[in-house]
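[1] next one to model:
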Amino acid sequence: MILDRILEHKKAELRGKQSQGYLAELKCRIADRPAPLGFIQTVESQATPQAPALIAEVKKSSPSQGLMRQEFADAFNPVEIANIYKMHGAAAVSVLTDTSFFQGALAYLEAIKQTVGLPALNKEFMVGDIQFYEARAFGADAVLLIVAALDRIQLEDFFAVATGLDMDVLLETHHEREVETVLERIPSARLIGINNRDLQTFSTDLVMTERLAARIPEDRLIVSESGIHTREDVQRVMEAGAKAMLIGESLIRANNIGEKIIELLGPPQETPEEAEENAHDRGRWI
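    Down below sits the predicted model:
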């Protein structure tokens, strides 16, 4: 399974980082950083009756599909992509930082945070404490915990490490028993992700959001992840209870990223004042 390969490689990678000197360096960087932005608060405030809040993902490659765009082989500008997301209404960004399988980098996260200003999720496969210090040191406002990749003790410990560093946590689930684990072991968790991608086949099915969202209390913020490509998909996950959606592939592969975001989120809603003024103007030209 791809996830198992990634986790084994990540553990080996981290063994080379286990030094007091590196941890001390990260802590110094953290001390110089401003407080994280409120990832959950921002995402929650951007959800509307028209569409869930958009967490737009900066993604260069994936192990199942390779490069998201062929031109990324010669040039990849994560800051430019994140700026387009911000200009067109994204509430937050997700930044893949795994190098070996996704061709990401912590430097991408740092550059986006320095330039774009949106709350940022460090999309990484967390298997050791030092990764949380890395995330915070390079500017993350939130981190991802994949429930399928961790045992219950790790899940609790990592959640505590992340929140101890003032970062929010997105807990990603793929199965009913994982939802139950989160609700039972981390009752304070507010941000619960439902990944529509099968971790064995890497195929996607929005039925996953519809099935698991029904098991999650209404006071939690549900994020539907993967497999969202059309406005109909957006409406489907929203009707299932998602207040946010994490989208990467369909944005990155679009001919025009801005137009794709507008398509997914729907046209801007008029305020009552704008509706009255526009109705008056239309009446003048009938």
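[2] report all helices and strands that the helix or strand that contains residue 222 contacts.
    Element membership for residue 222, per DSSP states H and E: strand 221-225. Counting contacts by 3 or more CB pairs under 8 Å, 6 or more residues apart in numbering; DSSP states H and E, strand 221-225 packs against helix 39-46, strand 191-195, helix 207-213, strand 244-247. In short, each C-beta sits where N, CA and C put it, glycine included.
[3] TSV for the ones you listed, including distance to residue 29, mean pLDDT and mean neighbour count?
    Shown next, in TSV, are these (distance: least, CB to CB, whole Å; pLDDT from 0 to 100; neighbours: other CB atoms under 10 Å):
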stretch	distance to residue 29	mean pLDDT	mean neighbour count
helix 39-46	19	97	18
strand 191-195	25	98	26
helix 207-213	37	97	20
strand 244-247	27	98	28
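[4] give me the buried positions along stretch 257-265.
    Under the neighbour-count criterion of 16 or more other CB atoms under 10 Å, stretch 257-265 has 257, 260, 261, 263, 264, 265 buried.
[5] er, stretch 91-105 I mean
    Under 16+ other CB under 10 Å, the buried positions of stretch 91-105 are 91-98, 101-105.
[6] wait, which of these is closest to residue 124?
    residue 97 (5.0 Å; CB to CB).
[7] show me what contacts that closest one?
    By CB atoms under 8 Å, 6 or more residues apart in numbering, the contact set of residue 97 is 104, 105, 106, 108, 109, 122, 123, 124, 138.
[8] find the nearest non-adjacent residue to the first one, please.
    Closest residue to residue 104 apart from its sequence neighbours, by CB to CB, 6 or more residues apart in numbering: residue 96 at 3.8 Å.
[9] and that neighbour, how far from residue 125?
    For residue 96, the distance to residue 125 (CB to CB, to the nearest Å) stands at 10 Å.
[10] isn't residue 54 up against residue 264?
    Yes. Contact criterion CB atoms under 8 Å: residue 54 and residue 264 qualify, at 7.2 Å.
[11] list residues touching both of those two?
    Counting by CB under 8 Å, 6+ apart, the common neighbours of residue 54 and residue 264 are residue 247.
[12] all helices of the stretch 101-250 of the chain, in order?
    Ranges of helices in the stretch 101-250 of the chain, per DSSP state H, counting those that start in this stretch, are 106-115, 130-137, 152-164, 176-185, 207-213, 231-240, 249-252.
[13] and the buried residues of stretch 91-105, which two are furthest apart?
    Farthest pair in the buried residues of stretch 91-105, by CB to CB: 91 and 101, 26.6 Å.
[14] what helix or strand is the residue most central in space within the chain located in?
    Against the mean C-alpha coordinate of the chain, by CA atoms, centre = their mean, the closest residue is residue 94 at 4.1 Å. Counting by DSSP H and E, the element that carries residue 94 is strand 92-96.
[15] what angle sits between that strand and helix 39-46?
    Put simply, strand 92-96 runs at 130 degrees to helix 39-46, going by axes from the mean of the first three to the mean of the last three CA atoms, to 10 degrees.
[16] who does strand 92-96 pair up with?
    Strand pairing for strand 92-96, determined by DSSP bridges: strand 53-58 (parallel), strand 120-123 (parallel).
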